[in-house]
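Participant: Next input, structure requested:
(chains A and B)
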There are 2 protein chains.
Amino acid sequence: MPRPEPDTDIAATPGAAAVPALLDHARALTNPVLRSVIDRLVPPMDTVAAYHFGWIDAHGNPAEGDGGKAVRPLLALLAAEAAGASAETGLPGAVAVELVHNFSLLHDDLMDGDEKRRHRDTVWKLYGPAQAVLVGDALFALAGELLLERGTPESARAARRLNAATRRLIDGQAQDIAYEHRERVSVAECLQMEGNKTGALLACACSVGAVLGGAGDEAADALERYGLHLGLAFQAVDDVLGIWGEPAVTGKQAWSDLRQRKKSLPVCAALAADGRASAELAQMLAADAKRTDDRKSDAENGFDEEEFAARAALIEEAGGRRWTQEEAHRQHESALASLDEVKMPDEIRERFVALADFVVVRRH
Amino acid sequence: MPRPEPDTDIAATPGAAAVPALLDHARALTNPVLRSVIDRLVPPMDTVAAYHFGWIDAHGNPAEGDGGKAVRPLLALLAAEAAGASAETGLPGAVAVELVHNFSLLHDDLMDGDEKRRHRDTVWKLYGPAQAVLVGDALFALAGELLLERGTPESARAARRLNAATRRLIDGQAQDIAYEHRERVSVAECLQMEGNKTGALLACACSVGAVLGGAGDEAADALERYGLHLGLAFQAVDDVLGIWGEPAVTGKQAWSDLRQRKKSLPVCAALAADGRASAELAQMLAADAKRTDDRKSDAENGFDEEEFAARAALIEEAGGRRWTQEEAHRQHESALASLDEVKMPDEIRERFVALADFVVVRRH
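Facilitator: Numbers count the residues shown, from 1 in each chain, chains lettered A, B, ... in the order given. The predicted model follows:
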């Protein structure tokens, strides 16, 4: 059965165009609270955090950075509204989830040795590894503080869900690192890892907002499933960009995920396929693992640019790119199906739908 | 007014002799729960954590390590009993506090570059920095999980207190690192830093146990003050050992804190004193800061052993060692005074007193 090209069927959805304004609004609501909790940190952690969020530059001067897209805060605010409360009711959840997200960015950049994020030096690169560890820890602790200091049963339930999601986030990072050193990772293992690493926190943004808004566990769980599928769709798109994305757009090197030997979905799907390209890829990756010393650069390990291009071509030929694009759409459909399990105002449902569309139509 | 030598007046207290058995009992209660929550971690984090706690050796074979003294678990269990509940009621708090303590050890060893702990390689040294970051994060998250999954109002209050203490722990580590790069730190700043870094979690062990045992906030706060003073007494003793402790006993290099340029209590007190020794020490530390490159070893920076001995002698001559020993006793007395604010069975009170004595009579 022929499928339409991934970009075309969804781009026809008019709602996605409205999402940037929704994200701007979420960021405008979230940022003042975020700034006020960051102010609770003792020096120099407050400065390091302000740099990470893009509020100041490397010299301490005010900057115009926006600190990322605010997808998670938007989900928490929408979920509170879905539960019949005001968006503001979900605000502590929006900020707490954003704090946990940035805790994981600070630590992951250090663990992965990534020197750039949002086109700027990462915190460990600029301030040293100790500050990246410490400020990451502080953001994690602030997230719990923000929820628990309210002392209501709802905020305790929200804190419990956020804590569980953070555990999954950490599990996902552990799996991601472990898989880099394995020659073969199944598609199921990859999806489980990505569900932990990306899905769990987007899922939690929804349920935390819903719980703070007064929703019962059943509705919160359904919205959590929406967020999980949204996250898996998002990650599938990201995995395509991680290999074939334009460096000027992604802010990362070309073939970025291949350089890090990430076992992302396109790689796992290609390895699971039949045929010559899959077999050749498997052989190549096995040989790569043997000639790779993680402490050395690609050039030192003897990798040149053509070799990454050759691996990317084999992955595409084995169907890994196509499968991942289709997976993004399957997850998108599952996200919308989960949405149908929850009663909510039509206007809010349309925004959730628009956000799901937006996530999948990103240039891939 | 002459004071008796620090070791003699307290060692006369018979209770301190009973503490090792109490610690063994606390460890026996805590370890099975601790092992079961560590089993929740995905590989290889479960193995790395088991190594850190001393349950396996570097080759994965079972080991007889005890994972530390269990002072914090004992406090939590005693506090639950002080509130009129069973020791077991405080068990989730005992384990949660121990998890947070070990989260901080994993991250601090990495930040401080410490290669040995309890006479074994530290986790970052054996498994690499990424595993130290990741497993530390996981222990922090497990602590919250363990308290919040119970879903009772008491466990939410306990989680809130634990979270606040963890924030102070992180603040203290940030201050400790920042102070290493300053020539002068006041005694008040040092006490505040040590209250955060050491006092807050010992304080929290008490209040979390009390809250889980059904205590109101007033009693929990008083027990928290006991724990804070206990922690400051403990740290004062530790600061003396950090300069003058026997390497064979402490498991650290001679003059350990001076090598790291720690502004510990003896240093701050010596710098705050009048006289020739204090002035000479100040001059020396200022000159040290100029000739020190943190990325190099002491030998590379041109420090020899005699120089550390000379600094230790000046600190002692300026009264820094004596002042710190006396401070341990002042804090010990404050701890006992806080204990008097809480109604509890005599038998439990005696154990708290014995523990305070035990902390101060450690060989200093």
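
Participant: Point out the residues in the stretch 51-200 of chain A that sit beside chain B.
Facilitator: A:107, A:110-111, A:129-130, A:133-134, A:136-138, A:140-142, A:144-145, A:148-149, A:151, A:153, A:156-157, A:159-160, A:163-164, A:166-167, A:170-171, A:173-175, A:177-178 (C-beta under 8 Å from any C-beta of the partner chain). The C-beta positions use only the backbone N, C-alpha and C, and glycine is treated the same way.

Participant: Filter these down to the ones in helices?
Facilitator: Judged by DSSP state H, the subset of these located in helices is A:107, A:110-111, A:129-130, A:133-134, A:136-138, A:140-142, A:144-145, A:148, A:153, A:156-157, A:159-160, A:163-164, A:166-167, A:170-171, A:173-175, A:177-178.

Participant: List only buried entries from those.
Facilitator: A:107, A:110-111, A:129-130, A:133-134, A:136-138, A:140-142, A:144-145, A:148, A:156-157, A:159-160, A:163-164, A:166-167, A:170-171, A:173-175, A:177-178 (16 or more other C-beta atoms under 10 Å in any protein chain shown).

Participant: and whichever strand or helix holds A:Pro20 with helix A:129-148, angle?
Facilitator: Using DSSP states H and E, A:Pro20 sits within helix A:19-38. On the basis of axes from the mean of the first three to the mean of the last three C-alpha atoms, to 10 degrees, helix A:19-38 is oriented at 100 degrees to helix A:129-148.

Participant: All the helices of the stretch 151-300 of chain A, in order from the start?
Facilitator: A:153-180, A:187-194, A:200-212, A:217-244, A:247-250, A:256-259, A:265-272, A:276-291 (DSSP state H, counting those that start in this stretch).

Participant: Report the buried residues of the fourth one.
Facilitator: By neighbour count on 16+ other C-beta under 10 Å, the buried set for helix A:217-244 is A:219-244.

Participant: the inter-axis angle of it versus helix A:265-272?
Facilitator: Using the same axes, to 10 degrees: helix A:217-244 against helix A:265-272 is 80 degrees.

Participant: One more: the second one?
Facilitator: Per the same axes, to 10 degrees, the angle that helix A:187-194 makes with helix A:265-272 is 160 degrees.

Participant: Which neighbouring elements make contact with helix A:187-194?
Facilitator: helix A:153-180, helix A:217-244, helix A:265-272 (3 or more C-beta pairs under 8 Å, 6 or more residues apart in numbering or on different chains; DSSP states H and E).

Participant: Quickly note the distance from the residue of chain A most remote from its centre to A:Glu317.
Facilitator: Note on chain A: the largest C-alpha distance from the chain mean falls to A:Arg276, namely 33.0 Å (C-alpha atoms, centre = their mean). Remark: distance between A:Arg276 and A:Glu317 (C-beta to C-beta, to the nearest Å) = 8 Å.

Participant: Also A:Ala21?
Facilitator: Taking C-beta to C-beta, one finds A:Ala21 at 40 Å from A:Glu317.

Participant: which of those two has more neighbours?
Facilitator: A:Glu317 (17 against 9; other C-beta atoms under 10 Å in any protein chain shown).

Participant: Is it correct that that one is in contact with A:Ala277?
Facilitator: Yes. Between A:Glu317 and A:Ala277 there is a contact at 3.9 Å, judged by C-beta atoms under 8 Å.

Participant: And the helices of the stretch 151-300 of chain A, which one averages the lowest pLDDT?
Facilitator: Among the helices of the stretch 151-300 of chain A, helix A:247-250 carries the lowest mean pLDDT, at a mean of 80.

Participant: in it, what counts as buried?
Facilitator: A:Thr250.

Participant: what does stretch A:343-354 give?
Facilitator: A:344, A:348-349, A:351-354.

Participant: tell me which of those residues is nearest to B:Ala58?
Facilitator: B:Ala58 has its nearest neighbour among those in A:Phe352, at 49.9 Å by C-beta to C-beta.
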